[in-house]
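**Student:** How does the following fold in three dimensions:
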Amino acid sequence: MGKSLLEQLPAIVAEGKREAERILDRLDSASKVSLQTREVVLPAKDTRWGDMLVQAERGATNADLNPATMNRLIYGDNLLAMAALLAGDATTPSLRGKVDLIYIDPPYDSKADYRTKVDLPRVEIEKRPTTIEQFAYSDMWQNGTVSYLQQFVPQAHLMKELISESGTLYVHVDWRLNSYLRVVLDEIYGKECYQSEIIWVKNSLGAKGRAKQFPKNYDSILVYSKSPDGMFFQKSERLERIPFELDRKGNLKLPAGFKQDDEGRYYWTSPTGDYTDDSLKRMEAEGRLEYTGSGKPRLKFFVERDGNYLLRPKIVDNTWVDIDMLFRSSDTTWNYDTQKPEALLQRIIESSSPLGGCVADFYSGSGTTAAVAEKLGRRWIATDLGKPACMITRKRLIDQNAKPFLYQHVGDYQVEQAKATIGRKFKVSDLSTVVMGLYGALPLPPEYNPSGNLGRIPQGKILVVCDSPTKMTGYATLKRAVQMRDSLMGGFDKVVVLGWNFDSDIGHNITAMNEGDRLEVLVIPPDLLDRLKKKGNKLKADEVRFSSLQYLSLGPTKREKSGDTETLQVELANYVLLSPDAISLDEANRTKLQKVMEREPLALVEYWSVDPDYDGEVFRSVWQDYRGNTDNDGDAYRVVTKAVLTDLPAKNGPRKVCVRAVDVFGFEAEAIVEVA
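**Tutor:** Now for the predicted structure:
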């Protein structure tokens, strides 16, 4: 019989601490994890975005556009994201000890499969999570609570490093994890830093038919501070709704303990034993005292009426019964299964962070923490490993006209995952050998293959080039691959380039080279390393699909100059999706998707944005449209296909315009055009 969880817990905590220490030791090394800015988002739901361009021209003099203080939405593993935030870089200093509040809502052991439904014109597609998302959510429970705690412990250590000395951690859990996380957090933060366990009564029992036990109707939120005297701003009052009572005839009567005076005001009373004589005289003058039959004074507390309820202020304690869970019919829902109500996060943020303070959420989900922090005047950091979560968060912040923020990726994500899979001393050539084997290629002899990244498929004389995860596959790689195809070992009929990351204009380069079917470029599955980590050498070639690139095509792009300003018109022409084989769909849903691709490919675009002055490095999104933004066209299922940017500062010479699009499955594509 194996060890119980209680017996395994000391080893789990000890190993989690060692893993956190290994990460912290690498923060100053040359191989430290970094964040790559994919987009500077200047929210503009419609064409009234001229002020944003003025801000952009000011550059670093504008506090809203200072990378060191801008809010951040980060796609990637939260442990790697936290390591990057702790390390800092040339433009953004380390956030060690700088975060005032961290709220996290990790997935519960619910055995959910986290399928998502994608609504397209006249059809609904059900998509399974990608393997990388399964690993992060459903598969994190492959060994039950043990595997969950193995991931949580190092995260909790890194969060402690980020939290300020007066900062606070809120961990949202349910009955499955409550007791275990209390033990773990007591060990990491200290029992003296335990502040509270909030009981959030969700007001929805969820029981169907006759319950076999008392239905579980609450979540717990564990609260720990960095030091025993953590920052806390007392939320002194909430409104308790007390219903009027009914007499035998069905008429309303006052609730017990309440009275009504001659002026029609409702009130309740309490003893005045703690008040001074001077205070009592003042209250007497204000008409706030009444006297019992024996002459003892009692203090009146007046309350408001709302229909058949009296609203009595009450001190906010750790049992929260006044915040309902969110339903899909709510006006504020983003149709994300684990979305929490904004009122819940508002109470937490206002209680444990100052105005202008920094709030972080490392399981961002639908982005409620970021959205509420933005409204409350706090800075925020939100990370998630799910691309749909990041897309919803980005749309949500644009929808509420948030301040400019950075959309970032964890830098060299494949490299970090490879180190976790193969070991810290892994060689790119080792990984290339594995990838080519899964593609079905045999390695070339060493004298022709010094880097270990070349292979061949004997049938048809096909050369295979596997690019490095540390590089962006672009024109130089393709040109070199074609040269090797024609000259190496007497020449090959075709070359296939397998890549992890691609230059933004890779599609245009492939077209410009005009090699036809003698050059093929395929995408290495982005979740391959996670699958190798899980299955190792048991992963079979027929389980891995290498997909074609996705392309975004633009229609005519026009400039029209008028004095000191000009107008730019950009139009989407076509979108070619990554092969449906790369998406986790069953056969029926794949067939549905294929029909949409053939009938209306632009209906697959979830979001697109424009940078009218692309510098080739940082994409500044000054215009956006997304499905669900009905302000522009009233169509919730499609984006507009034309953007008209007016009042641009006039520019001599060509203007380099960059357009980025994200499809409904989270894949990104980019098109660049120079407009004379």
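
**Student:** Quick one: neighbours of Asp399, just the number.
**Tutor:** 17 (other C-beta atoms under 10 Å). All C-beta atoms are positioned from the backbone trio N, CA, C, and that covers glycine.

**Student:** same thing with Ile323?
**Tutor:** That count, for Ile323 with other C-beta under 10 Å as the rule, works out to 19.

**Student:** Need phi/psi at it.
**Tutor:** Taking degrees, to the nearest 10, you get phi -120, psi 110 for the backbone angles of Ile323.

**Student:** quick one: the helices in the stretch 251-400 of the chain?
**Tutor:** Secondary structure of the stretch 251-400 of the chain, counting by DSSP state H, counting those that start in this stretch: helices at 277-285, 342-352, 368-375, 387-399.

**Student:** What's the separation between Glu245 and Ile199?
**Tutor:** 27 Å (C-beta to C-beta, to the nearest Å).

**Student:** what about Leu529, helix or strand, and which?
**Tutor:** Secondary structure assignment for Leu529, by DSSP states H and E: helix 528-535.

**Student:** Heading C-terminal from the helix or strand of the chain with the lowest mean pLDDT, find the next helix or strand.
**Tutor:** The weakest-scoring helix or strand in the chain, judged by mean pLDDT, DSSP states H and E, is helix 50-58 (a mean of 42). If you walk from helix 50-58 toward the C-terminus, the next helix or strand you reach (DSSP H and E) is strand 71-75.

**Student:** quick one: strands adjacent to that following strand?
**Tutor:** Strand 71-75 has these partner strands in its sheet, going by DSSP bridges: strand 379-384 (parallel), strand 405-410 (parallel).

**Student:** neighbouring contacts of the helix or strand harbouring His508?
**Tutor:** His508 belongs to helix 506-513 when elements are defined using DSSP H and E. By C-beta atoms under 8 Å, 6 or more residues apart in numbering, the residues outside helix 506-513 that reach it are 473-475, 478-479, 482, 503, 519, 521, 549, 551-552, 669, 671-672.

**Student:** Ala44 and Val622 touch, don't they?
**Tutor:** Yes - with the criterion set as C-beta atoms under 8 Å, Ala44 and Val622 qualify as a contacting pair; they are 6.2 Å apart.

**Student:** Which secondary structure state does Arg176 sit in?
**Tutor:** Three states are possible here, and by DSSP: H, G, I helix; E, B strand; the rest coil the one that applies to Arg176 is coil.

**Student:** correct me, but it touches Gly144?
**Tutor:** No - contact criterion C-beta under 8 Å: Arg176 and Gly144 do not qualify, at 9.8 Å.

**Student:** So which residues of the stretch 501-650 of the chain form strands?
**Tutor:** Read by DSSP state E, counting those that start in this stretch, the stretch 501-650 of the chain holds these strands, from start to end of the chain: 501-502, 519-523, 547-548, 551-554, 558-562, 565-576, 605-611, 620-621, 623-626, 642-649.

**Student:** Quick one, which of these gets closest to Met231.
**Tutor:** In this view, the strands of the stretch 501-650 of the chain are compared for proximity to Met231 by C-beta to C-beta, and strand 620-621 is the closest at 34.4 Å.

**Student:** domain assignment for the protein?
**Tutor:** Here the domain parsing of the chain from automatic domain parsing is 238-314, 417-548, 551-675.

**Student:** Please report the distance of Gln339 from Ser366.
**Tutor:** From Gln339 over to Ser366 (counting by C-beta to C-beta), the distance is 4 Å.

**Student:** Quick check: Gln483 is in a strand.
**Tutor:** No - Gln483 is assigned helix when assessed by three-state DSSP, not a strand.

**Student:** Show the pLDDT at it.
**Tutor:** In the prediction, the pLDDT value recorded for Gln483 is 95.

**Student:** Near it, how many residues? Count them for me, please.
**Tutor:** The local packing count at Gln483 equals 11, with neighbours defined by other C-beta under 10 Å.

**Student:** Compile the strands of the stretch 501-650 of the chain into a markdown table and extend it with columns for mean neighbour count.
**Tutor:** Conversion of these to a markdown table gives the following (neighbours: other C-beta atoms under 10 Å):
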| stretch | mean neighbour count |
| --- | --- |
| strand 501-502 | 22 |
| strand 519-523 | 19 |
| strand 547-548 | 16 |
| strand 551-554 | 18 |
| strand 558-562 | 13 |
| strand 565-576 | 17 |
| strand 605-611 | 23 |
| strand 620-621 | 24 |
| strand 623-626 | 24 |
| strand 642-649 | 16 |
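
**Student:** Please name whichever of the helices of the stretch 251-400 of the chain is nearest to Asn71.
**Tutor:** Proximity to Asn71 (C-beta to C-beta) singles out helix 368-375 among the helices of the stretch 251-400 of the chain, at 7.2 Å.

**Student:** And the contacts of the closest one?
**Tutor:** Where contact means C-beta under 8 Å, 6+ apart, the residues beyond helix 368-375 that reach it are 71, 73, 103, 339-342, 345-346, 349, 353, 359-361, 364, 379-380, 382, 393, 396-397, 400, 402-403.

**Student:** pLDDT on that helix, on average?
**Tutor:** When pLDDT is averaged along helix 368-375, the result is 96.

**Student:** can you check stretch 663-676 too?
**Tutor:** Mean predicted lDDT for stretch 663-676 stands at 84.

**Student:** One more: stretch 81-101?
**Tutor:** In this model, stretch 81-101 carries a mean pLDDT of 93.

**Student:** and what of stretch 290-303?
**Tutor:** The average pLDDT within stretch 290-303 is 89.

**Student:** Just the CA trace of that stretch, in PDB.
**Tutor:** The C-alpha atoms that make up stretch 290-303 are tabulated as PDB, following Å, rounded to 0.1, in the frame of the first residue of the first chain:
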ATOM      1  CA  GLU A 290     -35.400  57.200  22.700                       C
ATOM      2  CA  TYR A 291     -36.200  56.100  26.300                       C
ATOM      3  CA  THR A 292     -37.500  52.900  27.700                       C
ATOM      4  CA  GLY A 293     -40.300  52.800  30.300                       C
ATOM      5  CA  SER A 294     -37.700  52.900  33.000                       C
ATOM      6  CA  GLY A 295     -36.000  56.000  31.600                       C
ATOM      7  CA  LYS A 296     -32.900  54.300  30.100                       C
ATOM      8  CA  PRO A 297     -31.700  55.900  26.800                       C
ATOM      9  CA  ARG A 298     -31.300  53.800  23.600                       C
ATOM     10  CA  LEU A 299     -29.600  55.000  20.400                       C
ATOM     11  CA  LYS A 300     -31.600  55.000  17.200                       C
ATOM     12  CA  PHE A 301     -30.100  53.700  13.900                       C
ATOM     13  CA  PHE A 302     -32.100  54.800  10.900                       C
ATOM     14  CA  VAL A 303     -32.300  52.500   7.800                       C
END
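
**Student:** For Ala360, which non-adjacent residue is closest in space?
**Tutor:** Computed as C-beta to C-beta, 6 or more residues apart in numbering, the closest residue to Ala360 that is not its neighbour in sequence is Ile381, at 4.3 Å.
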